[in-house]
Each structure stands twice: as structure tokens, then as C-alpha cells.
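# Sequence first, predicted model second:
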Amino acid sequence: MNIYKALILGAIQGLTEFFPISSSGHLVIFQYYLGFKKSLLLFDIILHGATLGAILLYFRKKLWEIISPLFIQRKKSKLQTQKQKLLYLIIIGTIPTALIGLIFKKKIEPLFTNVTFTSLMFLFTGSFLWIGERRGKSNKGIKELKTIDAFLVGIMQGIALLPGVSRSGMTISTGLIRKMNKEFAFEFSFLLAIPTIIGALILEIKESVIEKTIPENPFPWIGGALISFILGYLSLIFLKKFLLKKRLFIFSYYCWILGGVLLISKYL
């Protein structure tokens, strides 16, 4: 891993992590064409950690509203009740994701070197985005949200552990299908990502220490993480504006074209 390859992969992660086009899928493709013979799972997780930092910065006020009542006593209010409900729903949504990750982790890992499978999952992502945009009716907020809504979003987040399946695409589209309004679907999607990314970071770092896969020269990795953080934060700002203008389906075309081109080029 040299600094140039690390910066390229960091930029790809930062630009694609929050757009519904699968950052993991793009990393698989670029690592393949950059000549890596096996997936750099630890590096991928570090890049995800950088974009996690972007989420924490972007949602810092909302996160404080959610967690502050845990250690600061306040008078009960409707707003406070909603924040507690949101925390509860994030926990509910995290459960199926964690179970899918723990049960199928060993089976999913080899797929990160499978370009054909990743290409097919791009096609799947594009189709699901199309359904979410076309079939979703935006009217639910935190007041109307039910446990089953959060659980279903969590299942789709678990499926998005597959390369080529977009986490944000699956969770936002599922939210829209479950009749969440677009702003809340956006917010819930990325708040739900926080415990998932933290869990993945802990597991991968633990395995890397055991297997001694920590790099001897960490500077290229640091550079990749830094650019991933910066571009990730900017992407979050752009995606919210883009989503609220009802343009999510445009990403469907991108995923279909990319998946189709990759399949054709793979077998020509």
C-alpha cells in the first residue's frame, strides 16, 4: 500500500460511503483494478472509521440530544420522550444487523474479492433504490414510527454488509417504503449506522491484532482516512439536499450502469 493508492481508496470511500451506491462495492472494484490480490479488510474498516467520524460531526447536536438524558436529569416533555424513543429504535434496528454480521461474517468475507458478485449486487441496489423512490410515501416521523419499522430497516442494513449493496440505499429506501418522510429516513439511516460501524471496527481491529495484520508503515493509511473523513462530511451535506429534492432514483441508473459495465467487461 503506497500513499497514492491509499489516497485513491480513501477518496472513493469518502465519496461513496453516504451516497446510495455502495462504498464497499467500489472498494472491491478499485482494489481489484489497482492490483491487490486480496481484500484489505482492515484498511476498509479504518476508512469506515473515518467516515464514522464524519457522521459524528454532522449529527453532533442530534446525538447530544439523544444521549444527554442518560446522565443529565431533565423534566419529562414530549420532545424528551421522542428522543428516548429514537434511542430505543436505534437499538432495535441494530439487533438484526449485529446478528446477520456475526452469523454470516465468515461467509461474507470471501465475497469482497468477487467482482462478479459485487456487480450483481450493484444491480440489486439500483432496483431497490428505484422501488424506494417510486413506492415510498413520505409522511411518518418519529411519532408514528413503530418497532417493526426500525427492525426492518435493521435487517436491510445487515444485508448491506454484502459488497455492492449500499447501506444508506437499503436503509433510506426501506424507510421510504415504510412511509417515513425523507428527512427522517435520512436521519435514522445514519444514526443507525453509528453502532454498526463501531461494532465492525472493534471486531476487525481485534482480529488484526491477533493475526498481526497491522501495517508497518501507517502513514498511507492515515492519509487515506483523512481524505475519506473530509469527503465523507461534504457528501453528507450534499446527499441530504439531493434526497429532499426527490432525486434518489438517479442513483439507480448509476448502479445499473456500473453493474452492467462491470459484468460485461469481466466476461469479454
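Arrived safely, thanks for sending.

# can you list the residues that contact stretch 259-268?
Residues from elsewhere that reach stretch 259-268 (C-beta atoms under 8 Å, 6 or more residues apart in numbering): 29, 115-116, 118-123, 126, 164. Where you see a C-beta, it was placed from the backbone N, CA and C, and this is true even at glycine.

# Quick one: residues contacting the residue nearest the centre of the chain.
Nearest residue to the geometric centre of the chain (C-alpha atoms, centre = their mean): Arg167, 3.9 Å. Counting by C-beta under 8 Å, 6+ apart, Arg167 touches 22, 157, 160, 189, 193, 196.

# out of those, which are inside helices?
157, 189, 193, 196 (DSSP state H).

# Neighbour count, pLDDT and distance to Lys146 for the contacts of Arg167 - can I get that in TSV?
Output for the contacts of Arg167, formatted as TSV (neighbours: other C-beta atoms under 10 Å; pLDDT from 0 to 100; distance: C-beta to C-beta, whole Å):
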residue	neighbour count	pLDDT	distance to Lys146
Ser22	30	88	28
Gln157	26	95	17
Ala160	26	94	22
Ser189	27	94	17
Ala193	26	93	21
Thr196	23	89	21
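
# Which two among those residues are spaced furthest apart?
Among these, the pair separated by the greatest distance (C-beta to C-beta) is Ser22 and Thr196, at 14.9 Å.

# Tell me, how many residues neighbour Gly223?
Around Gly223 there are 15 other residues, counting by other C-beta atoms under 10 Å.

# got it, and Ile131?
Neighbours around Ile131, by other C-beta under 10 Å: 16.

# the strands in the stretch 51-200 of the chain, which residues?
Remark: no strands are assigned in the stretch 51-200 of the chain by DSSP state E, counting those that start in this stretch.

# quick one: low-confidence parts of it?
Residue ranges of the stretch 51-200 of the chain with pLDDT under 70: 73-79, 136-137.

# what's near enough to touch the closest residue to Ile95 other than its chain neighbours?
Computed as C-beta to C-beta, 6 or more residues apart in numbering, the closest residue to Ile95 that is not its neighbour in sequence is Gly154, at 6.3 Å. By C-beta under 8 Å, 6+ apart, the contact set of Gly154 is 92-97, 192.

# In the residues you listed, which residue is surrounded by the most others?
Neighbour counts for the contacts of Gly154, by other C-beta under 10 Å, peak at Gly93, which reaches 29 neighbours.

# need the contact list for that one.
Neighbouring residues of Gly93 by C-beta under 8 Å, 6+ apart: 150-151, 153-154, 157, 188, 192.

# Using PDB, write out every CA atom in stretch 159-171.
Only the C-alpha atoms of stretch 159-171 are listed here, as PDB (Å, rounded to 0.1, in the frame of the first residue of the first chain):
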ATOM      1  CA  ILE A 159     -28.000  -7.300   4.100                       C
ATOM      2  CA  ALA A 160     -25.900  -4.300   3.100                       C
ATOM      3  CA  LEU A 161     -22.900  -6.000   4.600                       C
ATOM      4  CA  LEU A 162     -22.600  -7.600   1.200                       C
ATOM      5  CA  PRO A 163     -20.200  -5.800  -1.200                       C
ATOM      6  CA  GLY A 164     -22.200  -3.900  -3.800                       C
ATOM      7  CA  VAL A 165     -25.200  -3.400  -1.600                       C
ATOM      8  CA  SER A 166     -25.500   0.100  -0.400                       C
ATOM      9  CA  ARG A 167     -26.100   0.500   3.400                       C
ATOM     10  CA  SER A 168     -27.600   4.000   3.000                       C
ATOM     11  CA  GLY A 169     -29.500   3.000  -0.100                       C
ATOM     12  CA  MET A 170     -31.100   0.000   1.700                       C
ATOM     13  CA  THR A 171     -31.900   1.800   4.900                       C
END
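
# ranges for the helices of the chain?
3-16, 23-33, 41-58, 60-67, 78-108, 115-135, 147-159, 167-177, 182-211, 219-244, 250-267.

# buried stuff in the last one?
When you say that, I think you mean helix 250-267. Buried residues in helix 250-267, defined by neighbour count with 16 or more other C-beta atoms under 10 Å: 251-252, 254-256, 258-259, 262-263.
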